[in-house]
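1. pasting the sequence and the predicted coordinates here, then a few questions.
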Amino acid sequence: MPVHNVDIAAKLDEVADLLEIEGANPFRIRAYRNAARTLRDLNRDVPTMLESGEALTELPGIGKDLAAKIQDIVATGTTGVLEEHRKALPPTLTELLKIPGLGPKRVKALYRALGIQRLQGLHQAAKEGRLRTLPGFGEKLERHILHELEARAGSEGRFKLAVAAQYVDSLVAYLKTSPGVKQIVVAGSYRRAKETVGDLDILVTASSGSPVMDRFVSYGEVEEVLAKGNTRATVRLTCKLQVDLRVVTDKSYGAALQYFTGSKAHNIVLRQLAQQQGLKINEYGVFREDRYLAGKTEESVYAAVGLPWIQPELRENRGEFEAAQAGRLPALVELSDLRGDLHAHTKATDGRNSLKEMALAARNRGFEYLAICDHSKRLAMTHGLDPKRLTEQMDEIDRLNATLSGLTLLKGIEVDILEDGSLDLPDEVLSRLDLVVAAVHSHFDLSRDKQTKRILRAMDRPYFTILAHPSGRLIQEREPYDVDLPRIIRKARERQCALELNAHPERLDLTDTYCQVAKEEGVLVSINSDAHSILDLDNLRFGVGQARRGWLEKTDVLNTRPLNALRPLLQRTM
DNA sequence: GCCGTTTTCGGCCCGACTGTTTTCAGTCG
């Protein structure tokens, strides 16, 4: 059975979770977490490494013991230590750890005292007011838990785009090797670059008699075949992702692609427009009466109703039809438009790579510049920089810049915005940097008014260039903090500062709709990787997807500027 | 459980905050 690095990492994290609830040695737990992280960040497939005889013990944080366990997982899907601990405790307890406010101790208490094993039981007990009776719990925590549980209802069963992308890539590569296959494309919300996808819709054109359908259902990761006919099959993968495959004719390819890309709201409007012109659009083509008019390409489908082709990311019925009719569709920003990245970390705080490694990786990706923005001292856990260490880093950047060709490192900081809206480092220090990226990492639960004023106050500081991850949300994990973003966007215009679109797949923050607001207000957006390793630099593609959903064009994005045009935009005069 | 040894044992990032307490455990990042 093919096993992906993310799957192995999930098993190791599960061991760590269970050990934590049991109260095991914290360093042992950390060893499992470190190994999981190493595998997630790895740019090679572990099963492939094993096949070619590469030693896993060469990887950081993986010794003899963990290497053997990983081999077990690849071979059998599990390993002894995991099975043991799954017997000792209900394995569903790990679900509870995902609720902010619940750590191992409280989860254990919930289980021991109330017999709570899963989210459903937790919800019930919280509603009945039984949580507050436990030592260490109170009314406030109970309310908080209830709120978190209710906020996440409805998002179950969806996959983050970057996670789905991992499964998609190998499945598509597998299908491509089927005889007779011509075109393969993933449609649906995946193609529209939505931040999460519920299932995958794959379209294939193939010569008649191609065995692609049989190959699809016999893919090694298929857990269950839910339906299988001549032109359509549905399966569920072992990772629980549902995948539809549709085989269509060349003649219908464009119509099917349009139809299955959606969104539903977009397609309804398109079909209405067709109806008004006496046409009918379905997944087979555009028809007048029963006469086929178009459908080979998506362009031909839109052209049949008098519209230019509309980019998939815009297809949400959020004004794209009006823009298309007026000839005002945006020329959406592309990954290749980015000239650099304005937010990356190094080993100095919680990154994995050195300054030099980050610089070389950025240069390899064709960047012109990379801004090093490590954490400030307030984030003690990350070993945040104080003025002295920041100064040392600045000196190191100067030395590196003197020897590097083709890439300029910019001096920056991801400085914490403190509760009162002040910044975690003095102006005198910030003034010596090329840019200041400021971020909220604490006090997420201030009232809307306080949170908004806190950020507005920070934006008034003389050295404030970019507001990092403006809403603070973690997709499917943590709700955004309560803040008046339109007001912050207006402030950004007034103060001539930029907003970040953090491209980390768990953040994608600014969201698409606020990208649109920023664009309307004339506020520049910086698409930043927030890279904590050299591989994270590749996350920019997810940020670009979100930016495109937010209608951003090249000129709306700060880091599409070449360095000489960028520098004046980073300078603040007040 | 890993790592790096003065090679088989000791160190491994820890400070701030919250809600619960009545002096601090648990969680977060």
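-> That came in fine, so what should we check first? Numbers count the residues shown, from 1 in each chain, chains lettered A, B, ... in the order given.
2. can you give me the helices for the stretch 101-250 of chain A?
-> A:104-114, A:119-127, A:139-152, A:161-176, A:188-191, A:212-217 (DSSP state H, counting those that start in this stretch).
3. show me what the longest one is in contact with.
-> Outside of helix A:161-176, the residues that reach it under the criterion C-beta atoms under 8 Å, 6 or more residues apart in numbering are A:2, A:4, A:6, A:159, A:181, A:184, A:186, A:190, A:193-197, A:200, A:202, A:204, A:212, A:215-216, A:219, A:221, A:237, A:239, A:241, A:243, A:245, A:505, A:508, A:539, A:542, A:545. In this view, the C-beta of every residue, glycine as well, is placed from N, C-alpha and C.
4. can you check the last one too?
-> When contacts are defined by C-beta under 8 Å, 6+ apart, helix A:212-217 is touched by residues A:174-175, A:178, A:180-181, A:204, A:206, A:225, A:228, A:230, A:233, A:235, A:245, A:247.
5. burial count for residue A:514?
-> As a burial measure, residue A:514 scores 21 neighbours (other C-beta atoms under 10 Å).
6. need the pLDDT of it.
-> pLDDT for residue A:514: 91.
7. now swap in residue A:574 and tell me
-> For residue A:574, the predicted pLDDT is 46.
8. measure the residue nearest the centre of chain A to residue A:417 for me?
-> Centroid check for chain A by C-alpha atoms, centre = their mean gives residue A:505 as the closest residue, at 1.3 Å. Counting by C-beta to C-beta, to the nearest Å, the separation of residue A:505 from residue A:417 is 24 Å.
9. same check on residue A:90?
-> 40 Å.
10. shaky segments in chain A?
-> By pLDDT under 70, the low-scoring segments of chain A are A:1-2, A:43, A:153-157, A:572-574.
11. still on that earlier bit, residue A:90 and residue A:417: which is more packed in?
-> Using other C-beta under 10 Å as the criterion, residue A:90 and residue A:417 rank with residue A:417 on top: 26 against 17.
12. report the contact partners of the more buried one.
-> Residues near residue A:417 by C-beta under 8 Å, 6+ apart: A:423-424, A:438-440, A:454-455, A:458.
13. which of those residues sit farthest apart?
-> Farthest apart among those by C-beta to C-beta are A:424 and A:455. That separation is 14.1 Å.
14. and the closest residue to DNA strand B within the stretch 451-574 of chain A, what are its bridge partners?
-> Going by C-beta to the nearest atom of the strand, DNA strand B is nearest to residue A:478 of the stretch 451-574 of chain A, at 6.0 Å. Assessed by DSSP bridges, residue A:478 has beta-bridge partners residue A:474.
15. can you verify my assumption that it contacts residue A:100?
-> Yes: assessed by C-beta atoms under 8 Å, residue A:478 is found in contact with residue A:100 at 5.9 Å.
16. ranges for the strands of the stretch 451-574 of chain A?
-> With strands called from DSSP state E, counting those that start in this stretch, the stretch 451-574 of chain A shows them at A:466-467, A:498-502, A:525-528.
17. over to the stretch 151-300 of chain A?
-> Going by DSSP E, counting those that start in this stretch, the stretch 151-300 of chain A shows strands at A:159-160, A:181-186, A:196-197, A:199-206, A:222-228, A:232-237, A:242-248, A:280-282, A:285-288, A:291-294.
18. out of the ones you listed, which gets nearest to DNA strand B?
-> strand A:159-160 (16.8 Å).
19. what does the closest one rub up against?
-> Here strand A:159-160 has contacts from A:167, A:195-198, A:241, A:475-476, A:505-506, using C-beta under 8 Å, 6+ apart.
20. distance to residue A:348 for those - can I get that in TSV?
-> Below are those laid out as TSV (distance: C-beta to C-beta, whole Å):
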residue	distance to residue A:348
A:167	34
A:195	30
A:196	33
A:197	36
A:198	40
A:241	38
A:475	27
A:476	30
A:505	24
A:506	22
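21. now the stretch 401-550 of chain A against DNA strand B: closest residue?
-> Nearest residue of the stretch 401-550 of chain A to DNA strand B, counting by C-beta to the nearest atom of the strand: residue A:441, 4.5 Å away.
22. ugh, wrong one, the stretch 101-250 of chain A
-> Counting by C-beta to the nearest atom of the strand, the stretch 101-250 of chain A gets nearest to DNA strand B through residue A:138 (1.6 Å).
23. strand partners of whichever helix or strand residue A:372 is part of, parallel vs antiparallel please.
-> Assigned by DSSP states H and E, residue A:372 belongs to strand A:369-375. Pairing partners of strand A:369-375, with direction, according to DSSP bridges: strand A:340-344 (parallel), strand A:408-416 (parallel).
24. give me the next element, helix or strand, following that strand.
-> According to DSSP H and E, the helix or strand after strand A:369-375 is helix A:387-403.
25. tell me what that following helix is packed against?
-> Packed against helix A:387-403 by the contact rule (3 or more C-beta pairs under 8 Å, 6 or more residues apart in numbering; DSSP states H and E) you find helix A:355-364, strand A:369-375, strand A:408-416, helix A:427-430.
26. show me which residues of the longest one are buried.
-> If I follow you right, that is helix A:355-364. Buried positions in helix A:355-364, judged by neighbour count with 16 or more other C-beta atoms under 10 Å: A:355, A:358-363.
27. how about the shortest one?
-> Along helix A:427-430, these residues count as buried under the neighbour rule (16+ other C-beta under 10 Å): A:429-430.
28. pull the distance from it to the chain's centre.
-> 32 Å (C-alpha atoms, centre = their mean, to the nearest Å).
29. using CSV, list the CA coordinates for it.
-> Taking C-alpha atoms only, helix A:427-430 is exported to CSV below (Å, rounded to 0.1, in the frame of the first residue of the first chain):
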residue,chain,number,x,y,z
ASP,A,427,11.7,52.2,17.5
GLU,A,428,15.4,52.8,17.6
VAL,A,429,16.0,49.2,16.7
LEU,A,430,13.2,48.9,14.2
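30. counting neighbours, what do you get for residue A:44?
-> If you count neighbours by other C-beta under 10 Å, residue A:44 ends up with 11.
31. kindly report the same for the one 10 residues further on.
-> Burial of residue A:54 is recorded as 13 neighbouring residues (other C-beta under 10 Å).
32. what's the spacing between it and residue A:65?
-> Taken as C-beta to C-beta, the span from residue A:54 to residue A:65 is 18 Å.
33. same deal with residue A:494?
-> From residue A:494 across to residue A:65, the span is 57 Å (C-beta to C-beta).
34. tell me the contacts of the closest residue to residue A:448 other than its chain neighbours?
-> Ranked by C-beta to C-beta, 6 or more residues apart in numbering and with sequence neighbours excluded, the top spatial neighbour of residue A:448 is residue A:482, at 4.3 Å. For residue A:482, the contact set (C-beta under 8 Å, 6+ apart) comprises A:445-448, A:451.
35. ok, 7 Å please
-> If a contact means C-beta atoms under 7 Å, 6 or more residues apart in numbering, then residue A:482 has A:447-448, A:451 as its contacts.
36. rewinding a little: of all the helices of the stretch 101-250 of chain A, which lies closest to residue A:77?
-> Of all these, helix A:161-176 sits nearest to residue A:77, with 16.0 Å by C-beta to C-beta.
37. so what's the gap between the closest one and the chain middle?
-> The answer for helix A:161-176 is 16 Å, by C-alpha atoms, centre = their mean.
38. what's the angle from that helix to strand A:232-237?
-> Helix A:161-176 runs at 120 degrees relative to strand A:232-237, counting by axes from the mean of the first three to the mean of the last three C-alpha atoms, to 10 degrees.
39. tell me which residues of helix A:161-176 come out buried.
-> By 16+ other C-beta under 10 Å, the buried positions in helix A:161-176 come out as A:161-168, A:171, A:175.
40. also stretch A:277-292?
-> Applying a neighbour-count criterion of 16+ other C-beta under 10 Å, one finds A:279-281, A:283-287 buried in stretch A:277-292.
41. any chance of JSON lines for those, columns distance to DNA strand B?
-> Converted to JSON lines, the buried residues of stretch A:277-292 look like this (distance: C-beta to the nearest atom of the strand, whole Å):
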{"residue": "A:279", "distance to DNA strand B": "52"}
{"residue": "A:280", "distance to DNA strand B": "51"}
{"residue": "A:281", "distance to DNA strand B": "46"}
{"residue": "A:283", "distance to DNA strand B": "44"}
{"residue": "A:284", "distance to DNA strand B": "49"}
{"residue": "A:285", "distance to DNA strand B": "50"}
{"residue": "A:286", "distance to DNA strand B": "50"}
{"residue": "A:287", "distance to DNA strand B": "53"}
